[in-house]
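**Q** Need coordinates for the below:
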Amino acid sequence: MVGLFIEIVCCGAIVLGVADRAAAFVVAGYCAVTAVLYKQFWKPGDFFADPGGKGRTLFWDFLKNLSLGAGFLLLIVGTDGSGLQPFLDAPFASSHPYGR
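**A** Numbers count the residues shown, from 1 in each chain. As a prediction, the model looks like this:
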């Protein structure tokens, strides 16, 4: 239920530009946590033995989740890092992505 809330409300806030940086931070954390908790590619034990095994499939899902989280962090800090200080100063402020 919490995951559904994060995926709908926070992603909606990002798209609408309402506290978008804080919502992106929450979604980035959610992506990292779900990668570690639910995409444990090291557990099946067939990662190196079977190229088509469950471990390899989970590995690609693990990387997908981490890359999504990194993409959401890019929404916060920008490509040059200039967005980090405004986020730290006012985390719930909008970045006004559509006002420029």
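
**Q** Can you name the residues in contact with the helix or strand hosting residue 88?
**A** Using DSSP states H and E, residue 88 maps to helix 84-89. With Cβ atoms under 8 Å, 6 or more residues apart in numbering as the test, helix 84-89 has contacts from 21, 25, 76, 77, 93, 95. (Each C-beta comes from the backbone N, C-alpha and C, glycine too.)

**Q** ok, and the second one, which helix or strand is that part of?
**A** Taking DSSP H and E as the definition, one finds residue 25 inside helix 20-38.

**Q** Contacts for the following helix or strand past that helix, please.
**A** Following helix 20-38 in sequence order, the next helix or strand is helix 54-77 (DSSP H and E). Contacts with helix 54-77, where a contact means Cβ under 8 Å, 6+ apart, come from 14, 20-21, 24-25, 27-32, 34-35, 39-47, 50, 83-84, 87, 95.

**Q** any weak-confidence spans in the protein?
**A** By pLDDT under 70, the low-scoring segments of the chain are 100.

**Q** Quick check: the gap between the most far-flung residue of it relative to its centre and residue 40.
**A** The C-alpha centroid of the chain is most remote from residue 49, which lies 30.1 Å away (Cα atoms, centre = their mean). From residue 49 across to residue 40, the span is 17 Å (Cβ to Cβ, to the nearest Å).
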